[in-house]
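# generate coordinates for the sequence data below:
(one chain, ligands or ions: 2)
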Amino acid sequence: MQVVVPYAARDPKSRLADVLDADERRTFARAMRADVLDAVRAAGGAPTLLTTAPVASGAADGLGGVPVVVDDRPLTDAVNDALPDEPGETVAVVMADLALATPESLSRLFETPGEVAVAPGRGGGTNALVVRHLDFRVDYHGASYRDHRRIAAEAGLSVGVVDSMRLATDVDEPADLAEVLVHGEGRACDWLADAGFEVTVREGRVGVARSDG
Ligand SMILES: Nc1nc2c(ncn2[C@@H]2O[C@H](COP(=O)(O)OP(=O)(O)OP(=O)(O)O)[C@@H](O)[C@H]2O)c(=O)[nH]1
Ligand SMILES: C[C@H](OP(=O)(O)O)C(=O)O
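Ligands and ions are numbered 1, 2, ... in the order given. You can find the predicted model right below:
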């Protein structure tokens, strides 16, 4: 399956600016991207990185052999350009900030039936999609899960939904780092631990703290 992995290269993960400086956010975003690319390949997908600006390619960043498309238009326009334009074509879209994605969770998405299959994100977004019909187009940001269901319904397309904690967890805000430390198995989790982040439990609630940052 062709899998488009969108990646904002210029100022990634700006909502983590309170806990990571700009260089750290770039490094952490690259680590998440590498985890996602590894998981896509292990699930049998053929990833293409859809990036807003050129990226250094190399095996160390999980980019060895991955085609890179540079498109600096807004996310929705760039993804729509990559969706099927021939009958019978299938294209998946998997965000580069799904640090908990595993081959198993992605395989479940890829196997979910429907002219459109959706992995909703916590907070109303759309973390991953499989598009098997020409008439579907994306509209990201805001409550995009609801918007994508409406767009599919208006086009008369069937929709499958995958219920997956791993695919629902996009890493946007500092609190999401706890999810990566608790459930992560890859480079993003390792990078956070090396940077001094650890899980805290205060008054029964899980959070993160940085010991040497
Ligand atoms: N190609 C492309 N990818 C994008 C764009 N904006 C976001 N992305 C990617 O889409 C996914 C979801 O992005 P968001 O969480 O909305 O944005 P972000 O830039 O990662 O983070 P914030 O700056 O905190 O909003 C991530 O994999 C981003 O790297 C864009 O304009 N073009
Ligand atoms: C791409 C966007 O991500 P968010 O800004 O919700 O993380 C969405 O899911 O529509």
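# any idea which helix or strand comes after the longest helix along the chain?
Ranked by residue count, the top helix of the chain under DSSP state H comes out as helix 22-42. Proceeding N to C from helix 22-42, the next assigned helix or strand is strand 46-51, under DSSP states H and E.
# how about the residues of this structure by ligand 1?
For the chain, the contact set with ligand 1 under C-beta under 6 Å from any ligand atom comprises 6-8, 12-15, 50-52, 74-75, 78, 95-97, 172. Every C-beta, even on glycine, is put in place using the N, C-alpha and C of the backbone.
# so when I look at Cys189, I'm seeing a helix, right?
Yes. Looking at Cys189 with DSSP: H, G, I helix; E, B strand; the rest coil, it is inside a helix.
# how about the contacts made by it?
Ala99, Val180, Leu181 (C-beta atoms under 8 Å, 6 or more residues apart in numbering).
# how about the residues of the protein by ligand 2?
Residues of the chain lying near ligand 2 (C-beta under 6 Å from any ligand atom): Leu75, Gly121, Gly123, Gly125, Thr126, Tyr140, His141, Ser144, Asp170, Asp172.
# what subset of those residues is buried?
Leu75, Gly121, Gly125, Thr126, Tyr140, Ser144, Asp170, Asp172 (16 or more other C-beta atoms under 10 Å).
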